[in-house]
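Student: Provided below are the primary sequence and the corresponding predicted coordinates.
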Amino acid sequence: MNSPHQAGGSARIEHVVTSGVFELDGGSWEVENNVWLVGDDREVVVIDAAHDAEAVLAAIGDRTLRAILCTHAHNDHINAAPRLSLRTGAPVLLHPDDLQLWTRTHPDRGPDGELHDGRVLTVAGTDLTVLHTPGHAPGSVCLHAPELGTVFTGDTLFQGGPGATGRSFSDFPTIVESIRTRLLTLPDDTVVRPGHGDSTTVGDEAPHLQEWLDRGH
């Protein structure tokens, strides 16, 4: 499935849903992932190359893929990244704190560069700023595109609350602090585009922060 979303500036947001298996701590779960593309008719970046490189390549078409941006290194978000990179020549970028997770899926091929906090990537004249938001994974990042009124949150923030923290390398107080300090400080009308499920807004999620704190794990 490939669907366009509202644009700002010269760039637009496109959305592909892919299906596959998430594996961690000896378990496996069937999942659907959101793959986000940001760009114009000439160039694009991909956020989270999940499961199906061919589906992502079809969405890219004849455009230049500038980079493959990984919000974190759980296998379901990166399993198609090396193939997509091989087919396009685009670099794979990941926060260095998630290398320990990356090597579980791709032990023989590392990322090509780092998504360190504060880095700004520009595609089609539109900036995406890296926000380091640990908790779901140590190297989880969100990508804020203010001109598009959007933040791509990976598995840090969903409609209805924070990402899961019940597995290895995750921590609930850390993810709530990341959301409180890095995401809920964005404008209320900022659209939250997560790694799974439906989009929401910062304003819709902000009132639930105390509920998350009370709920704990």
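Tutor: Okay, I see it. Residues are numbered from 1 along each chain as shown.
Student: Off-centre distance for stretch 69-83?
Tutor: On the basis of Cα atoms, centre = their mean, to the nearest Å, stretch 69-83 is displaced by 9 Å from the centre of the chain it belongs to.
Student: I meant stretch 88-103, not that one.
Tutor: For stretch 88-103, the gap between its own C-alpha mean and the chain's C-alpha mean amounts to 12 Å (Cα atoms, centre = their mean).
Student: any idea of the mean pLDDT in the helix or strand harbouring Leu131?
Tutor: For Leu131, the enclosing helix or strand under DSSP states H and E is strand 126-132. Per-residue pLDDT values across strand 126-132 average out to 98.
Student: can you give me the helices in the chain?
Tutor: With DSSP state H as the definition, the chain shows helices at residue ranges 53-60, 75-78, 81-88, 99-105, 172-178, 202-205, 209-215.
Student: highest average neighbour count across those helices?
Tutor: Burial among these, expressed as mean neighbours by mean count of other Cβ atoms under 10 Å, is greatest for helix 75-78, which shows a mean of 25. For the C-beta atoms, the positions are set from N, CA and C on the backbone; glycine is no exception.
Student: outside of that one, which residues touch it?
Tutor: Taking contacts as Cβ atoms under 8 Å, 6 or more residues apart in numbering, the residues outside helix 75-78 that touch it are 20-24, 31, 33, 48-51, 70-71, 92, 94, 102, 104-106, 154-155, 195.
Student: do stretch 186-196 as well
Tutor: Applying Cβ under 8 Å, 6+ apart, the contact partners of stretch 186-196 are 5, 13, 15, 31-34, 36, 48, 50, 71, 77, 144, 149-159, 183, 199-203, 205-206.
Student: Swap in 7 Å and give it another go.
Tutor: Contacts with stretch 186-196, where a contact means Cβ atoms under 7 Å, 6 or more residues apart in numbering, come from 31-34, 36, 48, 71, 77, 144, 149-155, 157-158, 199-203, 205-206.
Student: May I see the ChimeraX selection of the buried members of the residues you listed?
Tutor: For selection in ChimeraX, the members of those meeting the burial criterion (16 or more other Cβ atoms under 10 Å) are listed in this command:
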select :31,33,34,36,48,71,77,144,149,150,151,152,153,154,155,157,158,199,200,201,202,205
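Student: for this protein, what are the low-confidence residue spans?
Tutor: Residues of the chain meeting the criterion pLDDT under 70: 1-9, 216-217.
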